[in-house]
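> What shape does this take:
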Amino acid sequence: MADSIRFTLNGQTAEVASLSPMTTLLDWLRDHRGLKGTKEGCAEGDCGACTVVLERSDGHEAINACIAMLGQMDGQSIRTVEGLLGKDGTPHPVQRALAESDATQCGFCTPGFVMSAYAFASGGEPAETEIIHDALAGNLCRCTGYRPIVDAVKTVAGLATEAAAPPPARTASAAFDGVFFAPRSLAELVGLRAQHPEALLLAGGTDLGLLASRARRPPEAVIHVAHVPELNVAERGKDRLTFGAAVTYARAMPALIEAFPPLRPYLSRLGSRQIRSLGTIGGNLGNASPIGDMPPVLLALETTVRLASRGGARELPLEDFFLGYRKTALAPDEVIESFSLPLLSPGETFHCDKVSKRRDQDISTVAGAYRIRRKNGRIEGARLAFGGLAATPRRAPHAEAALLQDGFEAARAALGRDFQPIDDWRGSAAYRQQVAVNLLRRLELRLAEPARPVEVEAL
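Okay, here's the model as predicted:
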């Protein structure tokens with residue numbers, strides 16, 4: 001007998017038993033619960049009109065309801081804009097702040113802004129403009145009046161919020177409608193993978209969710225890996241970081257930024273807070289997109305990936321994991337268990353760049369990441385990796401060799417031997433090649449004059 005999906009909605013237990021678990025949370029809220037405050041704008045997690053908040057004991061996180069499937073919500077605690085009202089209909093302080101600041105404008109996007117502001121306010125973050133812009137980067141306003149919205153959010157920073165209602169407890173594996181499997185251990189996960197090799201692996205769903213939302217062709221079967229403890233490990237050892245494949249960007253970011261400070265501005269441009277709350281680095285690797293933001297970083301940082309199956313586990317360098325366009329070394333019965341990357345050694349530096357058409361909420365046209373080892377001012381080791389230049393994220397071995405032998409000018413010239421860039425609407429092949437050359441020039445300037453401001457937000 002199939003399990004029912006159970007979660008907490010606006011403080012009350014909700015149970016779904018007769019609806020496809022691939023139904024989007026947005027559709028269920030609007031069509032089955034009549035909660036119309038959560039809007040559909042883009043159906044792909046970009047505009048933020050569908051923002052709701054996951055309330056957890058360790059903090060509140062904004063997510064996109066349009067690309068979240070109902071099956072993913074099992075065991076969660078969800079709040080919508082209607083759930084902010086007091087029992088007597090009194091507006092929440094966040095709602096009142098936006099109204100009193102004339103920040104509501106046409107009103108369509110306002111509920112999404114309210115929920116992002118609610119998540120921000122409950123996190124105790126300071127009322128700093130840069131932080132607020134990051135908190136609201138996943139919400140778009142067609143009326144373009146962002147200043148009063150930011151001003152309103154400043155007034156509610158650090159607002160105390162009530163503790164989240166505990167979601168319905170579930171400790172055992174679940175199967176919803178016979179097509180949505182939610183294992184609770186690695187052994188169960190690899191067993192399901194062997195039994196259902198046709199099922200898609202679902203972590204955060206920030207890419208896979210588009211099948212259910214925008215395409216309206218949800219997958220026939222999925223295995224949801226987010227509740228597997230072994231895939232949620234996040235550890236910093238003496239000389240390396242290790243993350244399970246289901247660790248979200250939001251959870252991984254503090255450790256990554258502490259170890260590699262240049263990742264702070266880079267990761268702030270990876271999706272939005274809504275995307276980073278559910279999206280996982282493991283999912284990004286399994287997706288194997290040539291324009292993913294994280295693979296070039298992980299390639300430059302000499303990452304190894306651990307793959308698991310019922311037959312055991314194996315590890316391989318990340319550069320051997322990507323085989324072709326959206327093709328990986330994963331066998332049909334394998335899953336990504338974890339990945340690990342060494343910390344910088346004395347004399348090593350790390351830098352990274354993302355070039356896109358706009359600063360926020362945009363996919364990379366070209367992404368570059370570089371790990372450099374120097375001694376007495378001379379470069380003795382280099383790992384240069386790029387995304388957006390080939391069918392897979394790749395290192396640039398000819399440029400690396402030229403850099404060590406003859407310097408940066410030779411390295412820039414050698415890039416033409418490493419890549420014949422892809423050509424699409426985000427950028428022509430010639431443009432991409434020139435961008436990569438320019439990024440190596442930027443790296444040269446960074447290394448020559450570390451204090452020189454050579455950062456560019458977007459090109």
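> ranges for the strands of the stretch 201-350 of the chain?
222-224, 234-236, 240-244, 304-309, 312-317, 322-324, 327-328, 335-342, 348-355 (DSSP state E, counting those that start in this stretch).
> Just name the most buried of those strands.
strand 222-224 (a mean of 25; mean count of other Cβ atoms under 10 Å). C-beta: built from backbone N, CA, C; applies to glycine.
> Report the strands that pair with that strand, each with its relative direction.
strand 180-182 (parallel), strand 200-202 (parallel) (DSSP bridges).
> With mean pLDDT and mean neighbour count added, can I get these in a markdown table?
Formatted as a markdown table, these follow (pLDDT from 0 to 100; neighbours: other Cβ atoms under 10 Å):
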| stretch | mean pLDDT | mean neighbour count |
| --- | --- | --- |
| strand 180-182 | 96 | 26 |
| strand 200-202 | 96 | 21 |
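> Take those and lay them out in JSON lines including distance to residue 367.
Below are these laid out as JSON lines (distance: least, Cβ to Cβ, whole Å):
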{"stretch": "strand 180-182", "distance to residue 367": "33"}
{"stretch": "strand 200-202", "distance to residue 367": "24"}
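> Mind checking the ones you listed for the one nearest to residue 355?
Of all those, strand 200-202 sits nearest to residue 355, with 30.0 Å by Cβ to Cβ.
> can you list the residues that contact that closest one?
Applying Cβ atoms under 8 Å, 6 or more residues apart in numbering, the external contacts of strand 200-202 come out as 69, 72, 193, 208, 219, 221-226, 283, 286, 335.
> Now residue 35: phi and psi?
phi -90, psi 90 (degrees, to the nearest 10).
> Is it in contact with residue 78, as I believe?
No. Between residue 35 and residue 78 there is no contact under Cβ atoms under 8 Å: 10.2 Å.
> Who has more neighbours out of the two?
Taking other Cβ atoms under 10 Å, residue 35 and residue 78 do not tie; residue 78 has more neighbours (23 against 20).
> confidence score at the more buried one?
For residue 78, the pLDDT comes out at 96.
> and it, how far is that from residue 274?
According to Cβ to Cβ, to the nearest Å, residue 78 and residue 274 sit 13 Å apart.
> next one: residue 222
With Cβ to Cβ as the criterion, residue 222 and residue 274 are 21 Å apart.
> What of residue 335?
25 Å.
> How about residue 254?
18 Å.
> Have a look at the two and say which one is more surrounded.
Taking neighbours as other Cβ under 10 Å, residue 254 and residue 274 compare with residue 274 leading, 33 against 10.
> Tell me, domain by domain, which residues of the protein belong where.
Domain assignment for the chain, taken from automatic domain parsing, gives 5-156, 171-343.
> Can I get those in a markdown table including distance to residue 358?
Converted to a markdown table, the domains of the chain look like this (distance: least, Cβ to Cβ, whole Å):
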| stretch | distance to residue 358 |
| --- | --- |
| domain 5-156 | 11 |
| domain 171-343 | 10 |
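> what about stretch 168-176, average pLDDT?
On average, stretch 168-176 scores 86.
> no, scratch that, I was asking about stretch 93-113
93.
> do the same with stretch 300-319
Stretch 300-319 comes out at a mean pLDDT of 97.
> ok, now stretch 23-42?
Mean predicted confidence for stretch 23-42 is 97.
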